[in-house]
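S.K.: model this:
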Amino acid sequence: MVSYESLKSGYETNWANLQIRPARLGEANATARKAINGKATYQQVERLTGVPWHFVALCHYRESNFDFDTYLGNGESLKRVTCLVPKGRGPFASFVDGAVDALRIQHFVGTQDWCIARTLYRLECFNGLGYHAKGVNSPYLYGGSTLYGPTEARGGKFVADHVFDPNHIDTQLGTAVVLHAMMSQDSSITIDDSPSIAPRSEPDEDVASSVLLMQQTLNKLGANPPLDEDGISGPKTKAAVSQFQQQHALEDTGLLDGTTIAAITRAGIQPVRTANVDLSQILKRLDDISQVVQPGGGTPAGAVSGGQSVDLSQILGRLENLAQLIQSGGATPIAITPIATPSTGTTPAGLPIQLPQILNQLQSLTQALQPGATIPVSPTPATNNTVSVLGQLLSLITRTAPGTTTGANPAPADQLKQVVDLLSTLLTNKPVLGQVNGALGDTIGKLLDGKKTALGIGGSLITALLSAVTASPSAGGLAGLLGTIATSVPGLSQFALPISLAMTAWGVLGKMEKWAQGTAPPPKPTA
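M.R.: Residues are numbered from 1 along each chain as shown. Got it, this is the predicted structure:
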């Protein structure tokens, strides 16, 4: 990482050796006079920000050649909102207002160290530090001096982003050259190079670590062109931030504000998404299993018919096929293990041994469904804890970000939800509630499952009975109690009877839904 401390001695040496080329001396003196002529305006900015007026003048020269109708941050007009980075600034009533805003964005407000090395460093940061990597003194500082260009020094210029032309010479005067000429004409410009007694961190240094982290994260997210990780929010970093803001529907400013930093951080910690696995074949297999396990359920292709019971070894075989299906990237396994017909007299004696194996396969499927994961070769034996496995599968739904799908394939999150529902059916042997039975939620639906019709009919009869009872002062026992209840609730039948009838209708519709789904309980055997 390029830092001020690593460049400080170089700035001091270059300043000590700086000589304006004789052919450019007249131009340098004329430019210095223009800067000094605007001294009163620049001093207004200094009083508001603490930034030396000559520094403001030098930035103004490079950005807009002393045009006081332009924004100091990028040279655009003060009368409209800026379109170049920093974007969305203004309009401003005066040059001073715009200059204060631009210096605040650069975190120069409140800075106190303005020695020559720090001044040249901040001036170069305003344009970028890319020339150091090319072994060339920046023309932004040294253009027009013997420190830049032939024959005394190397030349070259960045003619576009990341495009350096070693044969191109920047003809504009550098800010260090103009500052040198200004100091020869205005003795009030003094630069204190004495070290401070109590060194303090400068505001622009305080944000360097955050900027560096954002540059690293943007590079990780594929910034193009890649950013120099130097902790300096230069033009390239601002352009990359602007691109990120556009892609994530944020306010396009090119600045690392709090909202943008939080968004870049979130994007950086999210795992890189791999290609979505089509779970349609997995869903079909699990659906077949659930139909086989459910009493009276349909028999899928390749399964036994006749309502024969299926032991857990057959389910384990299916899950192993599912594991192979995921490992092969969605392709159908070469050999599909069919569900064998169980022998007569099969008992559930093997359940304690086979259920952990099934749960083990579910654990492997859970890991395989995670992006970038593979099924372990020798997974750790799972415990007999169905809830924990289903909980892991359910957590995949919350971790799977909704993404775009192609064709008719459903979203992965929706498919995973169906997987959880089918696995719940598989392991609990209870059908999933349909839209009718689950109309008031899963909890209430399961509480009233199989009871709605009876409760509705019973409620209707009790309501009709109570509405027919008349309270009598001499009545006692059950008749007196019913009479008291009936008279204490005026208009009981007006609201209780419709509720009971609605409950009855709900129960009838729920039973019809179960019959349609094939999840109705089988009739009880009679002697």
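S.K.: Any buried residues in stretch 504-513, and which?
M.R.: Buried residues in stretch 504-513, counting neighbours by 16 or more other CB atoms under 10 Å, are found at 504, 506-507, 509-511, 513. C-betas here are computed from N, CA, C, even on glycine.
S.K.: Please read the previous query as pertaining to stretch 154-174.
M.R.: Buried residues in stretch 154-174 (16+ other CB under 10 Å): 155-158, 170, 172-174.
S.K.: go on, stretch 35-49?
M.R.: Applying 16+ other CB under 10 Å to stretch 35-49 flags 35-36, 38-39, 41-46, 49 as buried.
S.K.: Check the residues you listed against Ser145 and report the nearest one.
M.R.: Distance to Ser145 across these (CB to CB) is lowest for Ala35, with 16.9 Å.
S.K.: so who does the closest residue to the closest one other than its chain neighbours touch?
M.R.: The shortest distance from Ala35 to any non-neighbouring residue, by CB to CB, 6 or more residues apart in numbering, is to Ala57 (4.1 Å). Each residue near Ala57 by CB atoms under 8 Å, 6 or more residues apart in numbering is listed here: 35-36, 38-39, 42, 66, 182.
S.K.: what mean pLDDT does the longest helix seen in the chain have?
M.R.: When the chain is parsed with DSSP state H, its longest helix is helix 492-517. Mean pLDDT, computed over helix 492-517, is 76.
S.K.: Show me what that helix packs onto, helices and strands only.
M.R.: Counting contacts by 3 or more CB pairs under 8 Å, 6 or more residues apart in numbering; DSSP states H and E, helix 492-517 is packed against helix 452-468.
S.K.: Pull out the buried residues from the helix it packs on.
M.R.: By neighbour count on 16+ other CB under 10 Å, the buried set for helix 452-468 is 452-453, 456, 459-460, 462-463, 466.
S.K.: now what about the host helix or strand of Ala263, what contacts it?
M.R.: Element membership for Ala263, per DSSP states H and E: helix 258-269. Helix 258-269 has contacts (CB under 8 Å, 6+ apart) with 210, 214, 217-218, 220-221, 241, 244-245, 248, 250-251, 253.
S.K.: what does stretch 90-98 give?
M.R.: Against stretch 90-98 from outside (CB under 8 Å, 6+ apart): 41, 44-45, 48, 68-73, 76, 78-82, 89, 101.
S.K.: Pull out the buried members of those.
M.R.: By 16+ other CB under 10 Å, these give 41, 44-45, 70-73, 76, 78, 82, 89, 101 as buried.
S.K.: Turn those into a markdown table, columns for distance to Ser188 and pLDDT.
M.R.: Converted to a markdown table, those look like this (distance: CB to CB, whole Å; pLDDT from 0 to 100):
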| residue | distance to Ser188 | pLDDT |
| --- | --- | --- |
| Thr41 | 16 | 97 |
| Gln44 | 16 | 97 |
| Val45 | 16 | 96 |
| Thr70 | 26 | 96 |
| Tyr71 | 27 | 96 |
| Leu72 | 22 | 94 |
| Gly73 | 27 | 90 |
| Glu76 | 31 | 94 |
| Leu78 | 28 | 96 |
| Thr82 | 33 | 93 |
| Arg89 | 31 | 92 |
| Asp101 | 26 | 95 |
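S.K.: pLDDT below threshold where in the protein?
M.R.: Applying pLDDT under 70 to the chain flags the ranges 1, 193-200, 270-436, 438, 440-442, 445, 466-495, 517-527.
S.K.: what about the strands in it?
M.R.: 157-160, 163-165 (DSSP state E).
S.K.: Using JSON lines, lay out those strands together with distance to Leu7.
M.R.: Formatted as JSON lines, the strands of the chain follow (distance: least, CB to CB, whole Å):
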{"stretch": "strand 157-160", "distance to Leu7": "18"}
{"stretch": "strand 163-165", "distance to Leu7": "19"}
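S.K.: So which of those strands is nearest Lys446?
M.R.: strand 157-160 (66.4 Å).
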